[in-house]
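Asks: Next comes the sequence, and after it the predicted model I'd like to discuss.
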Amino acid sequence: MAERLSIDDYYVEISQTVAKRSTCLRNRVGAVIVRDNHILTTGYNGAPRGLSHCLDIGCLREEQKIPSGTMHEKCRAVHAEQNAIIQAALHGIPTSGATLYCTHQPCILCTKMIINAGIKRVVFLNSYPDPNSMGFFKEAGVLVEQHVPKEQKQ
């Protein structure tokens, strides 16, 4: 008999599916905001609404050889976590007390938005080279966990 996915495995897998909509050439990132076991919003990284995507015009960060985790202002994309929070704001959905599931550890910019959005827990799959975000989360009292899928725990 097949075992049922844990709730964290379930939402992390959904974030991986959401990431498949990403238009970023470097990192395909997906995010899901959940409260009381209900999905509030999702987001993936891509250009702002109505603007050309990196898939179509190329990546400025690649062209300038900007290392991952630095100079976020040079990126055309809105990050997955930002897009999930923006979707909640656009539709009047409160995020206070929610959990954010994400394919990657949030950068410092997303970390600050997550804290201000009142999200209380972050579960991410892959690490990201931004050393400041974890300290901010700790100081703000946001619980952060790097998820290890069940099949990797065995």
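Replies: All right, it came through fine.

Asks: if I've got this straight, residue 102 is in a strand?
Replies: Yes - under DSSP: H, G, I helix; E, B strand; the rest coil, residue 102 falls within a strand.

Asks: Can you verify my assumption that it contacts residue 121?
Replies: No - here residue 102 lies out of contact with residue 121, judged by C-beta atoms under 8 Å, at a distance of 11.3 Å. Quick note: C-beta positions are derived from backbone N, CA and C, even for glycine.

Asks: Between those two, point out the one with more neighbours.
Replies: The neighbour count for residue 102 versus residue 121, taken as other C-beta atoms under 10 Å, is higher for residue 102 (31 against 17).

Asks: Pull up the gap between the more buried one and residue 122, please.
Replies: 7 Å (C-beta to C-beta, to the nearest Å).

Asks: repeat for residue 93
Replies: Residue 93 is 18 Å from residue 122, by C-beta to C-beta.

Asks: How about residue 58?
Replies: Separation of residue 58 from residue 122 (C-beta to C-beta): 31 Å.

Asks: same thing with residue 133?
Replies: Here residue 133 is placed at a distance of 9 Å from residue 122 (C-beta to C-beta).

Asks: Now for the two: what residues contact both?
Replies: Applying C-beta atoms under 8 Å, 6 or more residues apart in numbering, one finds that residue 133 and residue 122 are jointly contacted by residue 106.

Asks: Return the backbone torsion pair for residue 149.
Replies: phi -60, psi 150 (degrees, to the nearest 10).

Asks: ok, it touching residue 9?
Replies: Yes - counting by C-beta under 8 Å, residue 149 does reach residue 9; the two are 5.8 Å apart.

Asks: Residue 9: which element?
Replies: With secondary structure defined by DSSP states H and E, residue 9 is part of helix 7-19.

Asks: Show me the strands in the protein, by range?
Replies: Applying DSSP state E to the chain gives strands spanning 30-35, 38-44, 99-104, 121-126, 143-146.

Asks: if we can go back for a sec, which one's more surrounded, residue 58 and residue 122?
Replies: Using other C-beta under 10 Å, the more surrounded residue of residue 58 and residue 122 is residue 122, with 26 against 13.
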